[in-house]
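**Q** got a predicted structure here, sequence first:
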Amino acid sequence: MNYKVLVTDQVSDSGLKQLYDHPGFIVDKQTGLEPHELKKVIKDYDALIVRSQTNVTEEILEAAERLRIVARAGVGVDNINVDAATKKGIIVINAPGANTIAATEHTLAMMLSLARQIPLAHQSTSGGKWERKAFKGVELYQKTLGIIGMGRIGTEVAKRAKGFQMSILGFDPYLTEDRAKKLGITKASLDDIAQNSDFITVHTPLTHNTKALVNKEYLQKVKEGVRIINCARGGIIDEAALIEAIKEGRVAGAALDVYEQEPPANPDLLESSKVIVTPHLGASTQEAQEKVAQEVSAEIIEIFEKQSVHHAVNLPQVSGHAQQRMKPYLQVGEQMAQLLIQLFKQAPERIEIEYCGDLLEEDTGLLTRTLIKGILSYHLSDSVNIINVLHLLKDQGLVYNVQKNAKRKGFSNYMELTLINGGESVNIGATVLNGYGPRIVTINGYRVDLKPEADLLYIKHHDLPGVIGQVGSILGNYHINIGTMQVGRTSIGGEAIMLLTLDKKANDEVIDTLLLLSGLQEAQMLNLESQYAMSDEVGQVNIYQ
Ligand SMILES: NC(=O)C1=CN([C@@H]2O[C@H](COP(=O)(O)OP(=O)(O)OC[C@H]3O[C@@H](n4cnc5c(N)ncnc54)[C@H](O)[C@@H]3O)[C@@H](O)[C@H]2O)C=CC1
Ligand SMILES: O=C(O)C(=O)COP(=O)(O)O
């Protein structure tokens, strides 16, 4: 089978070479498609590669019949409706880091251009003028640079600005004192940056929180004569407020690479001698373009061939290596969830998950999704995968809660799953025994030691003499061989459960015959399947199943 990949923006062909050359992949490049054209063609493709120009809207995703991956050959995914993709079980990946240096260097180029008015000076000189007086600039040396967003690009900008001997104030919710110290910068508040910076540069993504982060109110607090740079996303700085602040003289100039609307149309912005504009060029270097295309190409191949995901925006990291380590947990997790929902028989209102012991040190994001998927797929079947599972959970009005507990509960690792609806609840606990593999060890408080198998007979009964023997005889009469048998009871003569792994499924007639036994309250075949149990190869999580 061939995977069909559509590229709709100017993505480097040499960077895509691996994908072009890879057997089993067909790559079509169709740039400049109108939305209605993309909507028409997208149905034939398994993967879509875009930069910032293509808008991957809900409508486009709705029209995609077999799309599995939307790949952003770059960082920002604000042109992709990630929510709609997630709901449809489509992975969104990007290439973080691959264009960091390009965007960093562009930011510094903009800062220097702004300080020395290079674009205007060039225009004047190439126009035959010699206006040395008109273009007196300012130095970066010993000035203060405020950086809003100390991620990959913000950090690289800080390192280079230090080379100009600037003092740097950094604001980022994740910036610690320790990291600031190591970088030789000062951890600051947004207000500190406003009041003290000679230059301010923004390097955050565009989110609900960062939209108009630099707005009219903020610009009223800035140090007079500040110069502002935006090589991150249009909309982080309110353009109308910026123009007003420039006109009022509070802001000496701005250098913009990105705009609220691209291409920008606002003449106040485009015609101002105090504003330098470039057409979203931050990532446009030969090196960065090759790298982003190479990274997404390699990842698309890995996802389809190895089910290994490194840079998903809507999925925890699923590297082949981590999968291999987590595989027994994923296997038993999926099976315990299936077992529990079959016992509960109704949809839960709440799902409680507890991870104990060694599991505290693992990234359990994928495991949690696997557990919930095991529960939801009982009612929703094929439509659930680990990408859309949390969305579907929310759509169903269900809530889940994960607790991590240092207690080992008698095992080196242990996980427990509880389904709750009103006053009713069921729960199940499992562990992975070193050298023996996964075991289900508790069901509704009954201690068991069950190696999960595909066909399992569950019986609830009174702990009376003879019940076990009679169950064995009935199964024998129907030529059903018992592989293993587990009995758990609360007290002698009290409630008890039996779990039998069978070589052959017990059909309805067998179940009805069993239910005629006195003391037997429930008998039910449970079907446990795990995709993780199928193969020993590394990276066999089928993220789309
Ligand atoms: N102009 C261009 O061509 C390019 C633009 N970009 C844009 O640059 C931005 C940053 O990229 P990276 O550094 O790679 O991302 P990153 O994810 O490494 O860093 C973003 C940082 O912003 C911080 N942040 C989030 N909300 C914040 C808030 N309210 N206040 C302060 N900080 C906040 C995050 O904690 C994070 O540290 C992205 O929007 C990206 O799309 C990236 C490459 C090229
Ligand atoms: O990577 C990003 O976030 C960018 O903004 C780069 O955009 P581009 O790929 O050059 O259209």
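**A** Okay, I see it. Everything numeric in this text was worked out from a predicted model, so none of it was measured. Numbering: from 1, shown residues only. Ligands and ions are numbered 1, 2, ... in the order given.
**Q** from now on I want contacts and neighbour counts done on CA atoms only, so please keep to that.
**A** OK.
**Q** tell me if I'm right that residue 316 and residue 369 touch.
**A** No - under the criterion of CA atoms under 8 Å, residue 316 lies out of contact with residue 369, with a separation of 9.4 Å.
**Q** the more surrounded of the two?
**A** The residue with more neighbours, out of residue 316 and residue 369, is residue 369; 22 against 18, by other CA atoms under 10 Å.
**Q** can you count the residues close to residue 122?
**A** 12.
**Q** repeat that for residue 422.
**A** Residues contacting residue 422 under the criterion other CA under 10 Å number 8.
**Q** residue contacts, the nearest residue in space to it that is not next to it in sequence?
**A** In space, residue 422 comes closest to residue 349 once its chain neighbours are excluded; the distance is 7.5 Å by CA to CA, 6 or more residues apart in numbering. Residues near residue 349 by CA atoms under 8 Å, 6 or more residues apart in numbering: 397-399, 419-422.
**Q** one more time with 10 Å, if that's ok
**A** 393, 396-400, 419-422, 425 (CA atoms under 10 Å, 6 or more residues apart in numbering).
**Q** now for residue 316 and residue 369: what residues contact both?
**A** Here residue 316 and residue 369 have 386-387 as joint contacts, going by CA under 10 Å, 6+ apart.
**Q** measure the residue nearest to residue 422 to residue 418 for me?
**A** 11 Å (CA to CA, to the nearest Å).
**Q** which neighbours do the two share?
**A** Residues touching both residue 349 and residue 418 (CA under 10 Å, 6+ apart): 400, 425.
**Q** what helix or strand is residue 374 on?
**A** helix 365-380 (DSSP states H and E).
**Q** same thing with residue 31?
**A** In this structure, residue 31 is located outside every helix and strand according to DSSP H and E.
**Q** alpha carbons of the helix holding residue 374, as CSV, please.
**A** Extracted in CSV, the C-alpha atoms of helix 365-380 (Å, rounded to 0.1, in the frame of the first residue of the first chain):
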residue,chain,number,x,y,z
GLY,A,365,0.4,9.9,29.3
LEU,A,366,0.1,7.2,26.7
LEU,A,367,-0.9,4.6,29.3
THR,A,368,-3.7,6.9,30.6
ARG,A,369,-5.0,7.3,27.0
THR,A,370,-4.8,3.5,26.5
LEU,A,371,-6.8,2.8,29.6
ILE,A,372,-9.5,5.3,28.7
LYS,A,373,-9.5,4.1,25.1
GLY,A,374,-10.1,0.5,26.4
ILE,A,375,-13.1,1.8,28.2
LEU,A,376,-14.6,4.0,25.5
SER,A,377,-14.0,1.6,22.6
TYR,A,378,-16.5,-0.8,24.3
HIS,A,379,-19.3,1.6,23.4
LEU,A,380,-17.7,3.7,20.6
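**Q** now do the buried residues in that helix.
**A** Of the residues in helix 365-380, those buried by neighbour count under the rule 16 or more other CA atoms under 10 Å are 366-378.
**Q** okay, the residues you listed in CSV with distance to ligand 2 next?
**A** Written out in CSV, the entries for the buried residues of helix 365-380 read as follows (distance: CA to the nearest ligand atom, whole Å):
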residue, distance to ligand 2
366, 26
367, 30
368, 30
369, 28
370, 31
371, 34
372, 32
373, 32
374, 35
375, 37
376, 35
377, 36
378, 39
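**Q** ok, of those, which one's closest to ligand 1?
**A** residue 366 (21.5 Å; CA to the nearest ligand atom).
**Q** excluding its backbone neighbours, what's nearest the closest one?
**A** Excluding the flanking residues, the one nearest residue 366 by CA to CA, 6+ apart is residue 316, at 6.3 Å.
**Q** any regions of the stretch 251-400 of the chain where pLDDT drops low?
**A** Under the criterion of pLDDT under 70, the regions of the stretch 251-400 of the chain flagged as low confidence span 318-320, 381-382.
**Q** now it against ligand 1: closest residue?
**A** Counting by CA to the nearest ligand atom, the stretch 251-400 of the chain gets nearest ligand 1 through residue 282, at 3.3 Å.
**Q** list just the nearest of the contacts of residue 349 to residue 453.
**A** Ranked by distance to residue 453 (CA to CA), the contacts of residue 349 are led by residue 419 at 21.6 Å.
**Q** show me the contacts for the spatially closest residue to that closest one that is not a sequence neighbour.
**A** Nearest non-adjacent residue to residue 419, counting by CA to CA, 6+ apart: residue 351, 4.9 Å away. Residue 351 makes contact with 371-372, 375, 393, 398-402, 417-421, 425, 427, according to CA under 10 Å, 6+ apart.
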